[in-house]
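J.: sequence-free structure coming up:
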């Protein structure tokens, strides 16, 4: 991650990140009163692209927009350019440059992304990043900046310092990661024998770090520079170069949830501004990583959200009902579960109907008018007004309120433009050329919602064959030939599966299961 001290011997694996997509920036800018550039016709700059995966996925999905990515590493540049050439993309280019070399000659951009760079460079470069935001953003442009955040990063900073001390004199990245993990195991055992409060905290943090990929551990935690910040510190630095804070890119993190009354009192004190509210939210949630958005200081932002802006967006809900809904109109609690296993409850009839409808349509986002029509069908009445909080609201306004609540609770994904994704499994499933290319060259795919999807080695052989021409039976035949030639093998326990009829049965079952999983994870499209 560190641009000042690039590391070549353990490549950082870039991936799609939805919070950096123009969709996210446009949605948040719009609901706070801005007029950002349409995502389908915009100019985007990324100041730290690694091998370009995140930016290339954007360019592939938004052919009417233009993208420029900057990297400091020659091998990253070559990887990115090879991918661009293979996909025949004409709307993206990459430059090999140090951030300190960049200036106004690059042009103006509607959206600027500084991903994985700010906390990992020195003060001079941090100031340069903010200055580039000011100099290169269009008048209604939005800049994305992520960084390690206090107060949550504090314990990790302590672990980093211990690991850095233990790794003194080790320069090879692979050796550093290996030795760091060995040391973490020793720390973990020591913590396990400790019953006091600090031991419990340490054990929890060690478990988190042990789940990090080697490249992330090396390029993030063990980078030469790794400086966490409080939000207010970043905002103050931005204000010095005539920028202002817009919002957190993760909208739901700014919305108070189950906080005690005393916390709500602080957040609602007279005169408290948006930065202060979000800073307190970081305190209450012990945030360790931030994704913040900035705009020009002279942009007039609304003090209140603009609910009517939600009429123009598209909505998706990665959730599933736990059981059927026998009485959707009653105020009985209905339980859902997110795809990540988080329980969700709703009692409001419109919210229940909305979550049910969107869950059945997932991963295909639905526009506002389609949602209105289908909710009336589900509710079984031609609603005009709805009683809400002691008031009568027009039905469409009640739906908007529930969509905003769902967005604020993190239950809904919101998009600024239609997404080419299907929720129906066809006889000949189609993954786009980008996904098929990524499957050939790695184990992390960029889905249609601009999210990373990890796959295993078997899926790596399967996914490229979902080209819209092959049935499940065709793909099974292709895989059978790979088994015949020894390129892949099927095993049960320690034994290879060799009988053709068993191979066919196992492959058919597994490929069919994968197709359903790929559909659920937004990897199939209607047309290429």
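T.: That came through fine. Only a predicted model underlies this, so the values are computations on that prediction, with no experimental measurement involved.

J.: distance of residue 337 from residue 57?
T.: Distance of residue 337 to residue 57, computed by C-beta to C-beta, to the nearest Å: 28 Å. The C-beta positions use only the backbone N, C-alpha and C, and glycine is treated the same way.

J.: now stretch 517-528: buried residues?
T.: Judged by neighbour count using 16 or more other C-beta atoms under 10 Å, the buried positions of stretch 517-528 are 518-525.

J.: which pair of those spans the longest distance?
T.: Using C-beta to C-beta, the buried residues of stretch 517-528 span at most 14.3 Å, a distance reached by 520 and 525.

J.: and the next helix or strand past the lowest-mean-pLDDT helix or strand in the chain?
T.: Within the chain, no helix or strand scores below strand 495-496, which has a mean of 64 by mean pLDDT, DSSP states H and E. Proceeding N to C from strand 495-496, the next assigned helix or strand is helix 500-520, under DSSP states H and E.

J.: quick one: that following helix to chain centroid distance?
T.: 29 Å (C-alpha atoms, centre = their mean, to the nearest Å).

J.: give the buried residues for it.
T.: Under 16+ other C-beta under 10 Å, the buried positions of helix 500-520 are 503, 506-507, 510-511, 514-515, 518-520.

J.: so which of those comes closest to residue 154?
T.: For these, the nearest to residue 154 is residue 520 (37.3 Å; C-beta to C-beta).

J.: residues in contact with residue 285?
T.: By C-beta atoms under 8 Å, 6 or more residues apart in numbering, residue 285 lies in contact with 152, 253.

J.: and it, how far from residue 206?
T.: When distance is defined by C-beta to C-beta, residue 285 is 21 Å away from residue 206.

J.: one more: residue 151?
T.: Distance, residue 151 to residue 206, using C-beta to C-beta: 19 Å.

J.: likewise for residue 342?
T.: Distance, residue 342 to residue 206, using C-beta to C-beta: 24 Å.

J.: who's more crowded, the two?
T.: residue 206 (19 against 11; other C-beta atoms under 10 Å).

J.: and residue 102, what does it touch?
T.: With C-beta under 8 Å, 6+ apart, residue 102 has these contacts: 47, 70, 128, 132.

J.: just the closest of the residues you listed to residue 434, please.
T.: residue 70 (21.2 Å).

J.: so that closest one, which state does it fall into?
T.: Assigned with DSSP: H, G, I helix; E, B strand; the rest coil, residue 70 falls in the strand class.

J.: residue 86 sits in which helix or strand?
T.: helix 74-87.

J.: low-confidence ranges, the stretch 401-528 of the chain, go.
T.: Applying pLDDT under 70 to the stretch 401-528 of the chain flags the ranges 492-496, 528.

J.: where do the strands sit along it?
T.: 413-415, 444-446, 452-454, 491-492, 495-496 (DSSP state E, counting those that start in this stretch).

J.: quick revisit: check the contacts of residue 102 and tell me the two furthest apart.
T.: Going by C-beta to C-beta, the pair spanning these furthest: 70 and 128, at 12.1 Å.

J.: who's more crowded, these two?
T.: Neighbours were counted for residue 70 and for residue 128 using other C-beta under 10 Å; residue 70 has more, 23 against 18.

J.: how far away is the more buried one from residue 132?
T.: Residue 70 is 10 Å from residue 132, by C-beta to C-beta.

J.: picking that back up, between residue 337 and residue 57, which one's more packed in?
T.: Using other C-beta under 10 Å, the more surrounded residue of residue 337 and residue 57 is residue 57, with 25 against 14.

J.: which residues touch that one?
T.: Each residue near residue 57 by C-beta under 8 Å, 6+ apart is listed here: 16, 434, 446, 450.

J.: which of those lies closest to residue 109?
T.: residue 450 (18.3 Å).

J.: so where is this protein shaky, pLDDT-wise?
T.: For the chain (pLDDT under 70), the answer is 1-9, 192, 194-199, 324-327, 329-334, 381-383, 385, 387-390, 492-496, 528.

J.: buried ones in the longest strand along it?
T.: Longest strand of the chain, by residue count under DSSP state E: strand 137-148. For strand 137-148, a neighbour-count test (16+ other C-beta under 10 Å) marks 137-138, 141-148 as buried.

J.: for stretch 175-185, give me every contacting residue.
T.: So stretch 175-185 is contacted by 10, 159, 162-163, 166-167, 170, 206, 209-210, 214, 217-218, 222 (C-beta under 8 Å, 6+ apart).

J.: hmm, back to that, tell me, what's touching residue 70 and residue 128 both at once?
T.: Shared contacts of residue 70 and residue 128, counting by C-beta under 8 Å, 6+ apart, come down to 99, 102.

J.: gap between residue 136 and residue 103?
T.: Counting by C-beta to C-beta - residue 136 and residue 103 are separated by 9 Å.

J.: which one's more surrounded, the two?
T.: Higher neighbour count among residue 136 and residue 103: residue 136, with 21 against 10, using other C-beta under 10 Å.

J.: and the closest residue to that one other than its chain neighbours, how many neighbours?
T.: Nearest residue to residue 136, sequence neighbours excluded (C-beta to C-beta, 6 or more residues apart in numbering): residue 109, at 5.3 Å. Residue 109: 24 surrounding residues under other C-beta under 10 Å.

J.: ok, residue 109 touching residue 46?
T.: No - at 9.6 Å, residue 109 does not count as touching residue 46 under the criterion of C-beta atoms under 8 Å.

J.: who touches both of these two?
T.: Joint contacts of residue 109 and residue 46 (C-beta under 8 Å, 6+ apart) are residue 68.

J.: so of the contacts of residue 102, which ones are in strands?
T.: Among the contacts of residue 102, the members falling in strands (DSSP E) are residue 70.

J.: residue 463: which of the contacts of residue 102 is nearest?
T.: Distances from residue 463 to the contacts of residue 102, taken by C-beta to C-beta, are shortest for residue 70, at 30.0 Å.

J.: for beta bridges, what are the partners of that closest one?
T.: Residue 70 has these beta-bridge partners by DSSP bridges: residue 95.

J.: numbering from 32 from now on, please.
T.: Okay, using 32 as the starting number, the last item reads as residue 101.

J.: from residue 135, how far off is it?
T.: 14 Å.

J.: which SSE is residue 202 in?
T.: Going by DSSP H and E, residue 202 is not in any helix or strand.
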